[in-house]
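# Test case, fold it:
(2 chains)
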Amino acid sequence: MKMEIEKEILLVKLQHSEQKYRSLFVNAPYSIVIFDTTGKILDCNPISEKIFGFRSEELIGQNYLELKNYPPEIGLSLKDRLSKLFSGDAAESIVGQVTKANGKPAWLRSKTSKVQIGNDIFFQSIIQDITKEKEVELKLKESEELYKTLLRTSPDAITVGDMKGNIIEASERTAEIHGFDNVKELLGLSAFKLIDKADHERATKKLMETLGGQMTGPEEFTLLKKDQTKFSAELMGNVLRDASGKPKGVIIATRDVTDRKIAEHKLNQSKVITDNLKEALMLFEMDGSLSFVNPAFEKLTSYESKEILGKVGLELGSLFFESKELKNIMEVYDKALQGEEIPAISIYFKTKSGKKIPIEFSVSYVKNDTDKVTQILNVITDITERKEAEDKIRQSEKKFRDLVENINEVIYTVDTKGILTYISPTVESFIGYHPIEVIGHPFTEFIYNEDLPSLSKSFQSILSGQSASSEYRVNTKSGEIRWMRTSSQPIFSEDRVVGVQGVLIDITEEVEAEEQLKESELKFRHLFERSPLTNVLISMDGVVVDCNSSIERVFGFKKEEIVNKDFLKLNVIPSQYFNSTIEHFRNIVQKGLTVPFELQVRKKDGSLIWVFAEGSLVELADKSMVQVVLQDINDRKLAEEKLRESEEKYRLISENANDLIIVHNQNREVEYLNEITAQRLLGYGYDYLKTQSIQELFHPDDIPQLQKAMPEAFEKGFSAGEYRMRKSDGSYIWTGTVTRVFQDEHKQLKILTVARDISERKALEESRKNYLHDLEMEVENKTHELKKDRDELQKTLESLSSTQERLIQSEKLASIGLLAAGVAHEINNPLTGIISFAQIIYNEIEERQFVDLKEMPFSFLQDIVKEGKRISTIVEDLLTFARPDPGKRINVNISGIIRSSISLLLPKIHNSKVVVKQELDENLPEVPINSQKIQQVLINVLQNSIAALDEKFGHDEEKLKNILIQTSLFVNNEENRFCKITIIDNGQGIREENLPKLFDPFFTTKSFSQKHGVGLGLSISYGIIKDHNGEIQIKSTWRKGTEVDILLPLEKNKIHIHN
Amino acid sequence: MTEVLVVDDEESICKGLRWILEKEGFNVTTIMDFKSAENIIKKEDYDIYFIDLVLPGGKGIDLIRLIKELDKKGIVIIITGYPSLPTLVDSIRLGTYDYLKKPFFQNELKKILGLIRTHLKDISSH
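Next up is the predicted model:
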């Protein structure tokens, strides 16, 4: 029973203990989980329900190690721990995060221990929820990390030092400003190592003050970098206190003022920057007035700041912009004021000089701290260059686009057999075939037959590895033939040609154009070459570029000799045309003037021909050239010249003709009259003639014959007659008149009358009638004598032939024409004087009231008398010369005649200081002569001698001037006896060429100042001597002297006949 | 002052021309032979030359030729008593301005002087 009681007691005890432990177990403030060695939960207290979120019933029977709450790593570490527990290790706590049944995370700490009851081994885990504890810790950690990070990354350099001044923490900026690579290098260092020694004392004081709780402002110190370089910084300290408020260190904020100093410097520089800014700035105040411009603005706009500052925007706007553009600007301002952001606008700005420049114009606002707009800033950028660049790009872009748009190529590939393997779709527009119709076909199918051989050859060469291009024709789908050009290359694959690729261009139009060009070129070349006109192309520098072959006709040069030569150096332009040619060339080149002109050119052989040249400016292949067309007008020009000469000749002949020429029309109106001749012959001209009737112009006796002449002229075509015409002074002159009727080129009948002054002829006829009569009488007598003495006649005839030369001279004397010429000249001279003087006096008398005859021009009246006398002498001489003077011949002593002649000339002989020697044969028989005439001859000869001496020696030489007069008896071959007079002087002599002319009437070698005759002297002398059947001969040597021999027959029965 | 040279061997012509031309306001020099004319032409410049074609010592046409060779600017008028056509043509080719045929009347001389005046004015206005 005892046992039973004991057992009972034991049981009760056990029951108590069990209750006690159970209560402990159930009421434990922490979760207790009991599990066996497999991990199977045997029991758990109610609080476990709270921790795990599961009810006890749900937990018991579960495997503790595989609870859903654990993240896998906790389960693994639990298993690890358990195995350690089996081997008897002490329990260890594990902290881990779990997820509760409600999904909330929770931090748990578990401590597991081994419990052995009998042989049974259990494990009990005590689990605490440490989530709250863990959260606080995490927050602290986060916070600490945050501050650490803040400290590290602070823009200010912050250094934390302990009470000894060693650095325990620092920001990265601190490391940076002190030149350390990272913060770690700083930790543990004494903060004083970062301060310049000179500042240590001050720093210590500052530190003490700070630790003492004094608030101190920032103070500048000189700090050191790792490499000991110094820099300025402001330091500000603060005490770092622990939780109990005891100071445990100091926090130092360092501000490197180097940057600020630089910034300050930069700030000072900002004005310099604005001043040097490329952009032009304008700053407007809110009242609209301009308050600032920078120098760039002044430079850009040429306005000076003082001219525009203070003016309002609108006023300036109309100054700077065109009204249209000003409107745009205003819109921009409006938008900007409404807060819109406005991009810069491109616009033209008018500078002070009025020049418009492209600018970019932007508006922005200057705001104050309170975001209020205080000023308006305009930035102006000169975009001239950009604009130009843009234009260039635009052009280039357009060019490129055009190129791309106009690209018209077909790309193809062909295999080695010539089968087309690819062709680009453009081909359809080329030949009308779609690529499908082409690919897979041999290319030869499309080629124009004629071009196949050469193309195949080219294809072979490409296959051999060469590139080639060729031009050929293809047949299009529509049957048309078109020209193509390909440029092909071989396609290589591993050094082997596997095909051909190329580009195809349709060149049909190009070829056609070329064909047309060729044709055209040929056409124009032929036109140029075969032009009948000579064409020369000359470059601007004067080189012959081309010419046609007809050039040879003009210059005699072949084309090859001219082309590429300097035209002017060909020497084809004679000097007189050189300048005008250059002038023409210049006009063409510079002014484009084409003035044709005529000039002579020199041919290769040196001869000159006339050409017509016309040049023009032509543009050939971008070069200006001068095309000159030349035309040979030599024949025309020569004909023209001849015609002009001829016209001039006839005009001069007519005007100066000695004959009066009158042309009447059918109505008897005078159409032409040679005025000068009419004035000379009749004393009146056309104006007078046309007012007069025929009756008034002619001698009344001639009127009846004259009236018959006109009808006769109309009937026969001409009529001739001799009429007397009335002169203006009322006297008449004889005219020989021929009237012709003819048709002019206009088929008009004209009457041409030529009237010749035949007064002299009439007068000569009269005297000749007498002369012939005398002659006939004499011949009759002589014939009678001849019959008696035939031999004598024979001798006379021989003598005649011996004096043939003199007879020819006689012929000349009879020449009226020659005589008239001389007379005209001789008489016209004094006549001119008379007319001039008379007219001068006439005019003068009209002008003046008082006349003094001793004064000019009235003294000219004496000149008129003198000139009148001269004319009278001429006329007298002429009569002497022209009319044979039978006179009376008396036998006289020739010596007496000679002496009287000398005495007549004595004043002249003395005046000229001439010595006259006489060697006269006083035994000579008397000579039958007209003494007056012979005296005239002697005087004439002596006068000539004196003149010749004066000419040679002048007037004041003595002794040298000699005249020798000799007389002697002379018997000729026929034993005729003559008195010979020889007059020799040592004067100037006569030139050999003048000797034959000595006896020509009016021939003279003396100038007027010396002469007193008119050149008739010797002619008259000759006539007188001939009249006496004598001879006169002159021998002379130039500059030596002259000898005159006069032979006068002593017998009267010797005659010379002349007609 | 317009300078005039008269070359003529006729004293009366020189005298008459001098009177008329001086009255017209010209400065007149008269020369009566070829040699002196040649010398004075070489030395002096004249605006108008009156030259007789037949002169003692030479031909007037040679004086005209000389004037042209020396490139003188003056106007040449020839005076001729008996105009021979070839001489006239020669002188005109040498640039002779006009000619006076002896005997001449004042109106002919005045006409020529009128032409010369216009001509001289033309030249001076260029």
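
# could you check whether the helix or strand residue A:863 falls within is close to chain B?
For residue A:863, the enclosing helix or strand under DSSP states H and E is helix A:860-882. Yes. On the criterion C-beta under 8 Å from any C-beta of the partner chain, helix A:860-882 is in touch with chain B at A:860, A:863, A:866, A:867. To be clear about C-beta, it is placed using only N, CA and C from the backbone, and glycine gets the same treatment.

# Which positions within the lowest-mean-pLDDT helix or strand in chain B qualify as buried?
Across the helices and strands of chain B, mean pLDDT, DSSP states H and E gives its lowest value to helix B:85-93, namely a mean of 77. The neighbour-count check on helix B:85-93 (16 or more other C-beta atoms under 10 Å in any protein chain shown) flags B:87, B:88, B:90, B:91, B:92 as buried.

# before we move on, what about stretch A:678-691?
With burial defined by 16+ other C-beta under 10 Å, the residues of stretch A:678-691 counted as buried are A:678, A:679, A:680, A:681, A:682, A:684, A:685, A:686, A:689.

# Return only those of the residues you listed found close to chain B.
Near chain B, judged by C-beta under 8 Å from any C-beta, the entries from the buried residues of stretch A:678-691 are residue A:679.

# Which of the buried residues of stretch A:678-691 fall within strands?
Among those, no member falls in strands (DSSP state E).

# Show me which of the buried residues of stretch A:678-691 is closest to residue A:607.
residue A:680 (44.7 Å; C-beta to C-beta).

# Pull up the gap between the closest one and residue A:689, please.
Residue A:680 sits 14 Å away from residue A:689, going by C-beta to C-beta, to the nearest Å.

# related to what we said a few turns ago, export the helix holding residue A:863 to CSV, keeping only CA atoms.
Extracted in CSV, the C-alpha atoms of helix A:860-882 (Å, rounded to 0.1, in the frame of the first residue of the first chain):
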residue,chain,number,x,y,z
PHE,A,860,47.4,152.8,-155.9
LEU,A,861,46.0,154.8,-158.7
GLN,A,862,49.6,155.3,-159.8
ASP,A,863,50.0,151.6,-159.7
ILE,A,864,47.0,151.2,-161.9
VAL,A,865,48.6,153.5,-164.5
LYS,A,866,51.9,151.6,-164.2
GLU,A,867,50.2,148.2,-164.7
GLY,A,868,48.3,149.6,-167.6
LYS,A,869,51.5,150.7,-169.2
ARG,A,870,52.9,147.2,-168.7
ILE,A,871,49.9,145.7,-170.5
SER,A,872,50.4,148.2,-173.3
THR,A,873,54.0,147.2,-173.6
ILE,A,874,53.1,143.6,-173.8
VAL,A,875,50.5,144.3,-176.4
GLU,A,876,53.0,146.3,-178.4
ASP,A,877,55.6,143.6,-178.2
LEU,A,878,53.1,141.1,-179.2
LEU,A,879,52.2,143.1,-182.2
THR,A,880,55.8,143.4,-183.1
PHE,A,881,56.2,139.8,-182.7
ALA,A,882,53.1,138.7,-184.5
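
# How far does it sit from its chain's centre?
Offset of helix A:860-882 from its chain centre (C-alpha atoms, centre = their mean, to the nearest Å): 76 Å.

# Past that helix, which element shows up next along the chain?
Next in sequence after helix A:860-882, counting helices and strands by DSSP H and E, comes strand A:890-892.

# and the next helix or strand after that following strand, which residues are buried?
Going down the chain from strand A:890-892, the next helix or strand is helix A:894-912, by DSSP H and E. Buried residues in helix A:894-912, counted by 16+ other C-beta under 10 Å: A:894, A:895, A:897, A:898, A:901, A:902, A:905, A:908, A:909, A:912.

# now what about helix A:894-912, what contacts it?
With contacts defined as C-beta atoms under 8 Å, 6 or more residues apart in numbering or on different chains, helix A:894-912 is touched by A:916, A:918, A:920-922, A:924, A:926-927, A:929, A:931, A:934-935, A:938-939, A:942-943, A:946, A:949-950, A:955, A:961, A:965, A:967, A:979, A:981, A:1048.

# Any regions of the stretch 901-1050 of chain A where pLDDT drops low?
Along the stretch 901-1050 of chain A, segments meeting pLDDT under 70 span A:955-959, A:1001-1016.

# now do 50
By pLDDT under 50, the low-scoring segments of the stretch 901-1050 of chain A are A:1007-1012.

# Chain A too?
With pLDDT under 50 as the threshold, chain A has low-confidence stretches at A:403-406, A:804-805, A:807-818, A:1007-1012, A:1053-1059.

# Spatially central, which residue of it would that be?
In chain A, the C-alpha nearest the mean C-alpha coordinate belongs to residue A:590, at 8.3 Å (C-alpha atoms, centre = their mean).

# Any of the contacts of helix A:894-912 buried? List them.
For the contacts of helix A:894-912, a burial check counting by 16+ other C-beta under 10 Å picks out A:916, A:920, A:924, A:927, A:929, A:931, A:934-935, A:938-939, A:942-943, A:946, A:949-950, A:961, A:965, A:967, A:979, A:981, A:1048.

# Report the beta-bridge partners for residue B:55.
With DSSP bridges as the criterion, residue B:55 is bridged to residue B:58.

# all helices of chain B, in order?
Along chain B, the stretches classed as helices by DSSP state H are B:11-23, B:34-43, B:60-69, B:85-93, B:106-125.

# Mind checking which of the contacts of helix A:894-912 land in strands?
A:916, A:918, A:927, A:929, A:965, A:967, A:979, A:981, A:1048.

# Please list which of those also come close to chain B.
Within these, nothing lies near chain B by C-beta under 8 Å from any C-beta.

# got JSON lines for those residues, with distance to residue A:739 too?
Formatted as JSON lines, those follow (distance: C-beta to C-beta, whole Å):
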{"residue": "A:916", "distance to residue A:739": "61"}
{"residue": "A:918", "distance to residue A:739": "64"}
{"residue": "A:927", "distance to residue A:739": "55"}
{"residue": "A:929", "distance to residue A:739": "51"}
{"residue": "A:965", "distance to residue A:739": "59"}
{"residue": "A:967", "distance to residue A:739": "60"}
{"residue": "A:979", "distance to residue A:739": "57"}
{"residue": "A:981", "distance to residue A:739": "55"}
{"residue": "A:1048", "distance to residue A:739": "52"}
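
# need the contact list for the residue nearest the centre of chain B.
In chain B, the centroid-proximal residue (C-alpha atoms, centre = their mean) is residue B:50; its distance is 1.5 Å. Shown in contact with residue B:50 (C-beta under 8 Å, 6+ apart): B:4, B:5, B:6, B:7, B:8, B:17, B:77, B:78, B:79, B:100.

# Find me whatever residue is spatially closest to it, sequence neighbours aside.
residue B:6 (4.5 Å; C-beta to C-beta, 6 or more residues apart in numbering or on different chains).
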